[in-house]
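Student: predicted model and sequence follow; I will ask about them next.
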Amino acid sequence: MKRKLENQTAIITGSSSGIGAGVAKSLAREGANVVVNFPTENSREDAEKVLAEIKADGGNGITLRCDVSKEADVKAMFDATREQYGTVDILVNNAGLQKDSPFEEMTIDQWNFVLGVNLTGQFLCAREAIREYLRRGIRPDVSVAAGKIICMSSVHEVIPWAGHANYAASKGGIMLMMKSIAQEFAWKKIRINSICPGAIQTPINRQAWETPEALKDLLTLIPYQRIGVPEDIGKAAVWLASDDSDYVNGASLFVDGGMTLYPGFTTNG
């Protein structure tokens, strides 16, 4: 039985840990060659561990260092991927971070750092992917689309988040950038969508779930009454990257256990 992403190549930014690592493993399991991206030398070892797990599971891939907020790094990552695999079929724009602060104390460096990685980084990577898709066109032996882009957004593209204005602003920006370029390039058969995770069990939010008390508080925000895991996002990414979702374009797919369903109103408010 042919795997859903056989003979396709996927770049997954920020995939040395957390959600990105889960997505890379899921895409590799469905036959994609995966580029496990890491931002600095400090995270190289983590990326190599992710790749080792992928290969042990029968997958294929490489690791590449790239700071997605830097244009030269992004271009070099795409060039290296083409040199290794010939082209790029799937981009998962996952790299993201937080620098939290009360708004009145937030520095311009905190603001620019988060927007630079979370939003500008997605712009730079999406632009390079679209350039490659336009150059290459459709490869009918692998997909009916010329290329696929999955932007990793958040429930906070719609839910305000006090104390995290830079992060929430970046995710709101991702939403409208994604929809705008989806509209712009749909006629070229380039499909662009977003995944919007809710609470996912990763190192970045460990304090929100690592104790029974913290987890109990968190679950008051999740009607489905469980925290998500990276595999939940990986499965959604496989679907959006495959031809199974060919008529889906410009959509924000919330994978959040119902966090966006206003759980405070569960008992009539």
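Tutor: Received the coordinates, thanks.
Student: share the number of residues neighbouring the closest residue to residue 246 other than its chain neighbours, please.
Tutor: Of all residues not flanking residue 246 in the chain, residue 144 sits nearest, at 5.6 Å (C-beta to C-beta, 6 or more residues apart in numbering). Heads up, the C-betas are built off the backbone N, CA and C, glycines and all. The burial count assigned to residue 144 is 11, neighbours taken as other C-beta atoms under 10 Å.
Student: residue 32 versus residue 144, what's the distance?
Tutor: From residue 144 across to residue 32, the span is 16 Å (C-beta to C-beta, to the nearest Å).
Student: just residue 85 next, same as before
Tutor: 10 Å.
Student: between these two, which has more neighbouring residues?
Tutor: Neighbour comparison, residue 85 and residue 32: the larger count goes to residue 32, with 30 against 20 (by other C-beta under 10 Å).
Student: so the more buried one makes contact with residue 5?
Tutor: Yes - taking C-beta atoms under 8 Å as the contact criterion, residue 32 and residue 5 are neighbours in contact, 4.0 Å apart.
Student: overlap of the contact sets of those two?
Tutor: Taking C-beta atoms under 8 Å, 6 or more residues apart in numbering as the contact criterion, the common neighbours of residue 32 and residue 5 are 89, 90, 241.
Student: which SSE is immediately downstream of the helix or strand encompassing residue 177?
Tutor: Secondary structure assigned from DSSP states H and E places residue 177 in helix 165-185. Per DSSP H and E, the first helix or strand lying C-terminal to helix 165-185 is strand 190-197.
Student: quick one: residue 200 from residue 14, how far?
Tutor: 13 Å.
Student: of those two, who's got more company?
Tutor: The neighbour comparison of residue 200 against residue 14 (other C-beta under 10 Å) goes to residue 14, with 29 against 22.
Student: what sits closest to that one if chain neighbours are left out?
Tutor: Taking C-beta to C-beta, 6+ apart, and ignoring the residues beside it in sequence, residue 14 has residue 95 as its nearest neighbour in space, at 3.1 Å.
Student: what sits against the one you found?
Tutor: If you count contacts by C-beta under 8 Å, 6+ apart, then residue 95 has 13, 14, 20, 37, 39, 68, 117, 118, 121, 122 around it.
Student: inside helices: which ones of those residues?
Tutor: Cross-referencing the contacts of residue 95 with the helices (criterion: DSSP state H) gives 20, 121, 122 as the overlap.
Student: adding distance to residue 109, pLDDT and neighbour count, write these out as a markdown table.
Tutor: As requested, the ones in helices among the contacts of residue 95 are exported to a markdown table (distance: C-beta to C-beta, whole Å; pLDDT from 0 to 100; neighbours: other C-beta atoms under 10 Å):
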| residue | distance to residue 109 | pLDDT | neighbour count |
| --- | --- | --- | --- |
| 20 | 24 | 98 | 28 |
| 121 | 16 | 98 | 27 |
| 122 | 20 | 98 | 27 |
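Student: hang on, the earlier thing: mind listing which of the shared contacts of residue 32 and residue 5 are in strands?
Tutor: When DSSP state E is applied, the shared contacts of residue 32 and residue 5 are split such that residue 90 fall in strands.
Student: of the shared contacts of residue 32 and residue 5, buried ones?
Tutor: By the neighbour-count criterion of 16 or more other C-beta atoms under 10 Å, the shared contacts of residue 32 and residue 5 include these buried positions: 89, 90, 241.
Student: the residue nearest to residue 246 contacts residue 138, doesn't it?
Tutor: Yes - in this structure, residue 144 sits in contact with residue 138. The criterion is C-beta under 8 Å, and the distance is 7.0 Å.
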